[in-house]
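Visitor: Build me a structure from this.
(one chain, ligands or ions: 1)
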Amino acid sequence: MANTNLSASAIDPELVISHKFSETSFSYTERDVALYALGVGACAEDAMDEKELNYVYNKNGQKFIKVLPTFSALFPFAKGLGLEGIRGLQFDPRLLLHGQQYIEIYRPLPSNSSIVNKATIAGLHDKGKATIIEIETRSYLKESGEALCMNRSTIYLRGSGGFSSSSHPYSYKTYPNDQPSHVSIPKYQPTAVYENPTQPSQALLYRLSGDYNPLHSDPMVAQVAGFTRPILHGLCTMGFAVRAIIKSFCNGEPTAVKNIFGRFLLHVYPGETLVTEMWLDGPRVIYQTKVKERNRTVLSGYVILKQNSSL
Ligand SMILES: CCCCCCC[C@@H](O)CC(=O)SCCNC(=O)CCNC(=O)[C@H](O)C(C)(C)COP(=O)(O)OP(=O)(O)OC[C@H]1O[C@@H](n2cnc3c(N)ncnc32)[C@H](O)[C@@H]1OP(=O)(O)O
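Guide: Sure thing, here's the model as predicted:
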């Protein structure tokens, strides 16, 4: 990465962690679900794919299309992330990168619904050259009030760190330590490998699902951010990876997925080929996704499957 022209920024940690987000609500329909599935490559190589047609079409007259679990990662974007409204958090939005995503799914995602989001600051860390802020969004079914899912998004703000002493860097989080932030990749051969090309227009399609960050569409913005051209949304790459896992281990059944974790290690350029290596380890699938053309790992993490899923 080159040419990250860092601008002045300032963080007041106590102000940031005391921030209260307002509750938001939104609705989605089957059209949003299908558009998302296409955005993460469903049916891109085979429009008659037996497992994936269910995600985009009411196949065989099925009443509801099936919802990929990573669709839930869009929920925090429904009314904007709201980072700009956080007092004490000054940063250059052009240098923001998605660092990690952790998702818990509590019940099958409906193919259309009205949702209420409750968001909180779950973490704030001074990394010297960067600040990491973590936002936890709990989503509930509006009608019944039942908990549907939780997203914890780790956002890496390049150029905005150094607001605390380097010998005791500021670090705050509200969640327990037993939720890992990285995975060890097994040394043995993967249980399954899935290769999937992305399209040069992949980010332009994916953005229509709600993340309109110009880093993914505007060549000038991408250059300011240090990239030669617009990059793929991290959550799009994760969508490809989790779809590969569902295809390889869950017979295409998206409700088999309980928890998802991924750490974004390197950017992906739309048009590159994603190769996801997967290791089945009890109810857990450890995975890493590489870009074939550069032979670099861009994402690694795990997915926890429901015990009774048809493996
Ligand atoms: C729903 C809400 C979503 C949030 C909004 C998202 C909006 C989207 O539109 C934006 C995107 O999708 S951006 C695209 C996806 N993300 C990427 O491409 C980033 C890929 N990763 C990188 O480039 C580097 O890892 C990079 C640059 C992230 C870090 O590399 P380095 O600067 O070299 O960091 P390093 O020196 O290795 O480590 C410094 C400290 O930071 C921690 N860290 C590193 N990578 C991390 C990551 N990916 N996530 C979380 N923490 C991370 C390290 O552990 C280290 O801390 P410590 O010293 O305490 O160990």
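
Visitor: Show me the helices in the stretch 1-150 of the chain, by range?
Guide: 13-17, 30-39 (DSSP state H, counting those that start in this stretch).

Visitor: Alongside the ligand, which residues does the protein contribute?
Guide: 76-77, 81, 97-100, 127, 132, 153-156, 211, 213, 215, 231, 233-234, 263-267 (CB under 6 Å from any ligand atom). No exception for glycine: its C-beta is placed from N, CA and C like everyone else's.

Visitor: can we see that at 5 Å?
Guide: Residues of the chain lying close to the ligand by CB under 5 Å from any ligand atom are 76, 97-100, 127, 153-156, 211, 213, 233-234, 263-264, 267.

Visitor: Can I get the buried part of those as one PyMOL selection?
Guide: Here is the PyMOL selection string for the buried members of those, based on 16 or more other CB atoms under 10 Å:
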select buried, resi 76+97+98+99+100+127+153+154+155+156+211+213+233+234+263+264+267
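
Visitor: between the top helix by length along the chain and helix 30-39, how big is the angle?
Guide: Ordering each helix of the chain by length in residues (DSSP state H) puts helix 234-249 first. On the basis of axes from the mean of the first three to the mean of the last three CA atoms, to 10 degrees, helix 234-249 is oriented at 80 degrees to helix 30-39.

Visitor: Begin at 476 from now on, thanks
Guide: Done: numbering now begins at 476, and the last item shifts to helix 709-724.

Visitor: for the helix or strand that helix 709-724 is followed by, which positions count as buried?
Guide: Under the assignment DSSP states H and E, the closest C-terminal helix or strand after helix 709-724 is strand 732-739. Applying a neighbour-count criterion of 16+ other CB under 10 Å, one finds Val732, Lys733, Asn734, Ile735, Phe736, Gly737, Arg738, Phe739 buried in strand 732-739.

Visitor: so what's the last one closest to, chain neighbours aside?
Guide: What sits nearest to Phe739 in space, not counting adjacent residues and going by CB to CB, 6 or more residues apart in numbering, is Gly709, at 4.2 Å.

Visitor: how about that neighbour, what does it touch?
Guide: For Gly709, the residues meeting the contact criterion (CB atoms under 8 Å, 6 or more residues apart in numbering) are Leu572, His573, Gln576, Gly737, Phe739, Leu774.

Visitor: mind checking how far it is from Ala597?
Guide: 18 Å (CB to CB, to the nearest Å).

Visitor: Kindly report the same for Ile779.
Guide: Here Ile779 is placed at a distance of 19 Å from Ala597 (CB to CB).

Visitor: Looking at those two, which has the bigger crowd around it?
Guide: Using other CB atoms under 10 Å as the criterion, Ile779 and Ala597 rank with Ala597 on top: 20 against 16.

Visitor: what's the pLDDT at that one?
Guide: Listed pLDDT for Ala597 reads 97.

Visitor: repeat for Asn533
Guide: Asn533 carries a pLDDT value of 93.

Visitor: who touches the spatially closest residue to it that is not a sequence neighbour in this structure?
Guide: Here the nearest residue to Asn533 in space, its sequence neighbours aside, is Ile540; by CB to CB, 6+ apart that works out to 5.9 Å. Counting by CB under 8 Å, 6+ apart, Ile540 touches Glu505, Val508, Ala509, Asn529, Tyr530, Val531, Tyr532, Asn533, Ser586.

Visitor: and stretch 490-504, how far apart are its ends?
Guide: Start-to-end span of stretch 490-504 (CA to CA, to the nearest Å) is 37 Å.

Visitor: quick one: that stretch to chain centroid distance?
Guide: 18 Å (CA atoms, centre = their mean, to the nearest Å).

Visitor: neighbouring contacts of it?
Guide: 550, 553-554, 557, 560-564, 587-596, 599, 608, 617, 647.

Visitor: now do stretch 507-523
Guide: With contact meaning CB under 8 Å, 6+ apart, stretch 507-523 is reached by 524, 527-528, 530-532, 540, 542-543, 545-546, 549, 586-587, 671-674, 677, 680-681, 683-684, 711, 714-715, 718.

Visitor: just the buried members of these?
Guide: By 16+ other CB under 10 Å, the contacts of stretch 507-523 give 524, 527-528, 530-531, 540, 542-543, 545-546, 549, 586, 671, 673, 677, 680-681, 684, 711, 714-715, 718 as buried.

Visitor: Tell me which helix or strand Thr764 sits in.
Guide: Here Thr764 is assigned to strand 759-766, by DSSP H and E.

Visitor: packing partners for that strand?
Guide: Helices and strands touching strand 759-766, as assessed by 3 or more CB pairs under 8 Å, 6 or more residues apart in numbering; DSSP states H and E, comprise helix 709-724, strand 748-756, strand 771-780.
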